[in-house]
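Colleague: pasting the structure only:
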């Protein structure tokens with residue numbers, strides 16, 4: 001999930017994927033280097049962030 005805050009209002013956006021806690025680096029808030037599909041997960045996060053930063057969130 002991504003947490004988006006705008007005008008002091010929070011919205012949680014699902015990425016539609018799950019990561020085992022053993023493969024997640026909670027201090028850096030990103031997948032660990034040995035996480036399966038790490039590149040795909042980082043790409044999904046980057047795409048959602050880009051959509052919300054541009055002001056045009058894409059559904060789906």
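Modeller: All right, it came through fine. Being a predicted model, the structure only gives us computed values, none of them experimental.

Colleague: what sits against residue 25?
Modeller: Contacts for residue 25 (Cβ atoms under 8 Å, 6 or more residues apart in numbering) come out as 31-32. (Glycine included, C-beta is placed from N, CA and C.)

Colleague: what sits opposite it in the beta ladder?
Modeller: Beta-bridge pairing for residue 25 (DSSP bridges): residue 30.

Colleague: any idea how far it lies from residue 34?
Modeller: 10 Å (Cβ to Cβ, to the nearest Å).

Colleague: what do you get for residue 45?
Modeller: 18 Å.

Colleague: which residue of those two possesses the greater neighbour count?
Modeller: Counted by other Cβ atoms under 10 Å, residue 45 and residue 34 do not tie: residue 45 has more neighbours, with 16 against 8.

Colleague: surely that one is in a helix?
Modeller: Yes. Residue 45 sits within a helix when classified using DSSP: H, G, I helix; E, B strand; the rest coil.

Colleague: which SS class is the nearest residue to residue 5 once chain neighbours are set aside?
Modeller: In space, and not counting its chain neighbours, residue 5 is closest to residue 11: 7.7 Å by Cβ to Cβ, 6 or more residues apart in numbering. Using three-state DSSP, the secondary structure recorded for residue 11 is strand.

Colleague: just the pLDDT for residue 11.
Modeller: Note for residue 11: predicted pLDDT of 88.

Colleague: residue contacts, it?
Modeller: 3-5.

Colleague: now with 10 Å?
Modeller: 2-5, 52, 57 (Cβ atoms under 10 Å, 6 or more residues apart in numbering).

Colleague: wait, which of the residues you listed is closest to residue 39?
Modeller: residue 2 (17.9 Å; Cβ to Cβ).

Colleague: ok, what's across the strand from the closest one?
Modeller: So, taking DSSP bridges as the rule, residue 2 has residue 13 as bridge partners.

Colleague: just for the chain, where's the confidence low?
Modeller: For the chain, applying pLDDT under 70 flags the ranges 56-60.

Colleague: residue nearest the centroid of it?
Modeller: Residue closest to the average C-alpha location in the chain (Cα atoms, centre = their mean): residue 45, at 3.6 Å.
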